[in-house]
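S.K.: Sequence unavailable; structure follows:
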C-alpha cells in the first residue's frame, strides 16, 4: 500500500480509479444507513480543515433548529488545524464517544449529534493515512478525495456540503487545486448517489476571531446569538442554506438562508445548541468553559490597515500554546489560544489591540504574542475587500 | 522502501543518487577486500542473465589457466533464465556454499572459485529485491544497476567485466536500454574505483545450444575442449580477453584473446576446470553428470533457414521441463533441458532435427517439443549474419 500511495502520488488516479479506491475503502468496514435509521433525509457537512474552523458547531444547531436532522462524525486535529472533537471536548462533560445506537437515537429524537468517527467505519483510511504520512504522499487530490468521501459515504448522510478551504492555512493552496478536489469529491458523491455541494472558502487568514478550543466554543455561542464575526457568520449562513436546500423541507437556497438567519434571530438555534450539548452530557453554559490564567494583548505597532494574517503562523502559535497536537499523543489545553481581534481590511491605531493571547503562563503568552504579531502584515491603503465564500460548485 | 522503489520507478535516480543508493546497500553488510586477501589483482565477471548463459563457467577456467585469479559470487536462477549456481550443482558433489575463508584460499591457491553470495554481503539487496518483486518495480535501470554493482563491489574484485544481455530473452529489450544500464554501471564502478567494461551481447536467441543445467555443463566442457558452439565460444573468448586485459599480466585485449584461445587449444583451460571442480568437491568427469531418461528430437517442419528462436519461449519450455524455478522454493531437475541444435541462420532440411528435448517423461517431452518448435521461425532466404557481441562500452 505504501508503494501504491507513491504510484498514485506520481501518476494520479482517474475518476473511475478514484471511485474504485473509495469503494474499496468503504467496504473495509461497517457502513451506516442514516436514512433508514432516521426515517428521513439526513444532511452532513465536512471541512477540509482550517485555522479557527468551528463552522459545523454553528451550522448543526441552525439546521436542526430548522427541522432538518444533522448527523456528523468528526475527527481530531493534528498540526496547525484544530479538530471539531477537540473543540467539543472543551465543554465540561461533553461525550464525543457515543455508540452507533446512541448516535442514531440522538439524531432522530434530538435532531442533531456530532460524534467521533468510530474504528469500525473505514478502518482502511487510518491505515492508509499512516502510510501516506510517513511516505510524504498525503498531498494528492485523489487520495484526499477518497479519504474524505469514503468516510462521508460510510457515515450515511443523504446530502453533504463540503467546505473546501483554500489558501495559506489550508491543504489546497490555490483555487485551481481546490476546484480539482471539489470536482473529484462531487464525482465520488454522484457515484454513491449522494447529493453534494462544495463551497470553496478563504483560508488565507484564520476564520472568525477565535483559534483555540474553548475560545472557539465561545465564538460559536456568540454567533448563534447573532454576535459572531462577519466572515464566520457569512460562512455559517451559506453552508446552512446549502444544507437546508438539500433537505426534505422543499426550500431553495435563498429561502434556506432566510430560515437559517431567522433561527439565529429568534433564538431557536441557540436553544437547539443548548439541548444538543446537554443531550451529549455537556454543560451548555458559556461560563462553564475553561479560561486561561494569562490573557495578553498584542498591540498594533503603528497606524494602518491589516493586509494579511498568516493562518498557519497563528495556528502554530495556538498549537505551541497547547491548543493543538504536534503528535497524536499530545494532550490539549482547552483554555488556551489566540483571538485575532483585527482581521484583513480592518484599520488599526498605534497601541490598539490587534489580537489577544490566552495562555497557561506569562512566558508562553509572551512568545505567542511575538509570533502572532509576526503573522500580521500591514498596508497604508485599505486592501481590496474579499469574500469568505470564493466559489460554489455542484 | 516499497514507496521508495515506486518513487524511483516513476521519477528515476540521477548518477549521484544511484551512487548513494549503491553505497548504502554495500554498507548494509560485510565487504571483502579480495586484492588484500589474494595479494594480487583479482577479476570478476557478471551477466545480467539470459537463456543458456553458462559463460562464467568457461571464462573462469580460461582466465585462471592464463594465471589470473578469478573469484566470483553468483546467484540462483528464477524464471526463464538459469542461475550459475544451479548449473554447478548439477555436478555431483559440487559445493557452492564455501565459507569466505575457504573461498579466498581457493582463489589464492587454486586460482578460481565460484560460490553462492552469502547472506552477509549486501543483505539490503535481497530485501529491496523482495519489495521490488511484489510492487512491480524491478524494471528500473538505477535499481538494477545498484543491485548488480553493490554486490560486485562488496565482493571485492578489482576489475569486472559486465555482460549486458540485449533482446527478447533479456531484461533489456533494446540496445538503447542496455547502453543506459551499461553507462550507469560503469559510472558506479568508477565511483568505487573499480575497472569495469561492459559487453552488450545478443539475447534474441538462446546462447549456444544448451539450455538446462547438466546440458550446459556438458557444453561448457565441450567449449573448453575447443568444440563449443560458435556464438558461445566467441563470447567466452571476448569476455576472457577483457578480463586478461584488466589483469596484472600486462597484456592488451588482442594479446589477451590470443592467450585465452591458446589456453583452450593446449588443454590448460580444461585442466584448470577439472582441478577447480574437484577443489570445490565436485566430480569433473562428464560421465558423472545426470542424464534425462527421455530424449526427443524436434524435427524441422520443412526446408529453409532458421530466422529466429524465441529465447524466452525456449527458456520457459526448459523451466516447465523442470530445469528452472517458478518460485524460489521449486526444486530443479538438473538433467532436463533443451538443446537448440540449429541456430539463427542455419539451413535446415525437412525432418532434420532442429532441437532436442531432454525430459523426465514422454508427456513432458512431447509438450516441450511442441513449445520449442513454436519458438522457431523460418525464412526462405538466408537471414543477415549477426554477431554475439553487439557493442563494448568502457
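M.R.: Looks like it came in fine. Values in this document were obtained by computation on a predicted structure and should not be read as measured data.
S.K.: Quick check: closest non-adjacent residue to the residue of the stretch 101-250 of chain A found nearest chain B.
M.R.: Nearest residue of the stretch 101-250 of chain A to chain B: residue A:135, at 3.9 Å (Cβ to the nearest Cβ). For glycine as for every other residue, the C-beta is placed from the backbone atoms N, C-alpha and C. Nearest residue to residue A:135, sequence neighbours excluded (Cβ to Cβ, 6 or more residues apart in numbering or on different chains): residue B:3, at 3.9 Å.
S.K.: list the contacts for the one you found?
M.R.: Residues near residue B:3 by Cβ atoms under 8 Å, 6 or more residues apart in numbering or on different chains: A:2-3, A:5-6, A:131, A:135, A:137.
S.K.: can you redo these as JSON lines with pLDDT and secondary structure?
M.R.: Shown next, in JSON lines, are the contacts of residue B:3 (pLDDT from 0 to 100; DSSP: H, G, I helix; E, B strand; the rest coil):
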{"residue": "A:2", "pLDDT": "95", "secondary structure": "helix"}
{"residue": "A:3", "pLDDT": "97", "secondary structure": "helix"}
{"residue": "A:5", "pLDDT": "97", "secondary structure": "helix"}
{"residue": "A:6", "pLDDT": "97", "secondary structure": "helix"}
{"residue": "A:131", "pLDDT": "92", "secondary structure": "helix"}
{"residue": "A:135", "pLDDT": "93", "secondary structure": "helix"}
{"residue": "A:137", "pLDDT": "93", "secondary structure": "coil"}
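S.K.: Could you identify which of those has the most neighbours?
M.R.: Highest neighbour count within the contacts of residue B:3: residue A:6, with 28 neighbours (other Cβ atoms under 10 Å in any protein chain shown).
S.K.: Tell me how far that one lies from residue A:44.
M.R.: Distance from residue A:6 to residue A:44, counting by Cβ to Cβ, to the nearest Å: 31 Å.
S.K.: same deal with residue A:230?
M.R.: On the measure of Cβ to Cβ, residue A:230 and residue A:44 end up 26 Å apart.
S.K.: and the two? which has more neighbours close in?
M.R.: When neighbours are counted by other Cβ under 10 Å, residue A:44 comes out ahead of the other of residue A:230 and residue A:44, with 28 against 10.
S.K.: Can I take it that that one is in a strand?
M.R.: Yes - judged by DSSP: H, G, I helix; E, B strand; the rest coil, residue A:44 forms part of a strand.
S.K.: Can you name the residues that contact it?
M.R.: A:70-72, A:152, A:155, A:157, A:159-161 are the contacts of residue A:44 under Cβ under 8 Å, 6+ apart.
S.K.: Residue A:210: which of these is nearest?
M.R.: residue A:72 (20.3 Å; Cβ to Cβ).
S.K.: can you count the residues close to that closest one?
M.R.: 24.
S.K.: Report the secondary structure element holding the residue nearest to it when sequence neighbours are not counted.
M.R.: Nearest-residue entry for residue A:72: residue A:114, 4.7 Å, with adjacent residues in sequence omitted and distances by Cβ to Cβ, 6+ apart. Assigning secondary structure by DSSP states H and E places residue A:114 in strand A:112-116.
S.K.: list the helices and strands that strand packs on?
M.R.: helix A:55-65, strand A:70-74, helix A:84-88, helix A:268-279 (3 or more Cβ pairs under 8 Å, 6 or more residues apart in numbering or on different chains; DSSP states H and E).
S.K.: and if we set it to 10 Å?
M.R.: Helices and strands touching strand A:112-116, by 3 or more Cβ pairs under 10 Å, 6 or more residues apart in numbering or on different chains; DSSP states H and E, are helix A:55-65, strand A:70-74, helix A:84-88, helix A:100-105, helix A:268-279.
S.K.: From the chain's centroid, how far away is it?
M.R.: The chain centre lies 14 Å from the centre of strand A:112-116; the measure is Cα atoms, centre = their mean, to the nearest Å.
S.K.: Repeat that for stretch A:240-251.
M.R.: With Cα atoms, centre = their mean, you get 20 Å for stretch A:240-251.
S.K.: buried set for that stretch?
M.R.: Buried positions in stretch A:240-251, judged by neighbour count with 16 or more other Cβ atoms under 10 Å in any protein chain shown: A:240-247, A:249, A:251.
S.K.: Below-threshold pLDDT in chain A: ranges please.
M.R.: A:77-79 (pLDDT under 70).
S.K.: in it, which spans are strands?
M.R.: Taking DSSP state E, the strands of chain A run over residues A:43-47, A:70-74, A:112-116, A:159-166, A:195-202, A:210-211, A:294-299, A:304-309, A:337-340, A:347-348, A:353-359, A:376-379, A:389-393.
S.K.: Kindly reformat the ones you listed as a markdown table containing distance to residue B:85.
M.R.: What follows is the strands of chain A, written out as a markdown table (distance: least, Cβ to Cβ, whole Å):
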| stretch | distance to residue B:85 |
| --- | --- |
| strand A:43-47 | 58 |
| strand A:70-74 | 57 |
| strand A:112-116 | 57 |
| strand A:159-166 | 58 |
| strand A:195-202 | 60 |
| strand A:210-211 | 65 |
| strand A:294-299 | 73 |
| strand A:304-309 | 67 |
| strand A:337-340 | 67 |
| strand A:347-348 | 79 |
| strand A:353-359 | 69 |
| strand A:376-379 | 69 |
| strand A:389-393 | 62 |
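S.K.: quick one, which of these is packed in tightest?
M.R.: strand A:210-211 (a mean of 32; mean count of other Cβ atoms under 10 Å in any protein chain shown).
S.K.: Tell me which other helices or strands it touches.
M.R.: helix A:213-224, helix A:311-318, strand A:337-340, strand A:353-359.
S.K.: between those, which gets nearest to residue A:386?
M.R.: Here helix A:311-318 is closest among the helices and strands packed on strand A:210-211 (Cβ to Cβ), at 13.5 Å.
S.K.: gap between the closest one and the chain center?
M.R.: Taking mean C-alpha positions (Cα atoms, centre = their mean), helix A:311-318 and its chain are 16 Å apart.
S.K.: Report the angle between that helix and strand A:195-202.
M.R.: Helix A:311-318 runs at 90 degrees relative to strand A:195-202, counting by axes from the mean of the first three to the mean of the last three Cα atoms, to 10 degrees.
S.K.: Pull the contacting residues for residue A:186.
M.R.: Residue A:186 is in contact with A:145, A:149, A:160, A:162, A:194-198, A:393-394, counting by Cβ atoms under 10 Å, 6 or more residues apart in numbering or on different chains.
S.K.: please redo it, this time with the cut-off set to 8 Å
M.R.: With Cβ under 8 Å, 6+ apart, residue A:186 has these contacts: A:196, A:198, A:393-394.
S.K.: Now render these as JSON lines, adding distance to residue B:122.
M.R.: Below are the contacts of residue A:186 laid out as JSON lines (distance: Cβ to Cβ, whole Å):
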{"residue": "A:196", "distance to residue B:122": "52"}
{"residue": "A:198", "distance to residue B:122": "51"}
{"residue": "A:393", "distance to residue B:122": "53"}
{"residue": "A:394", "distance to residue B:122": "54"}
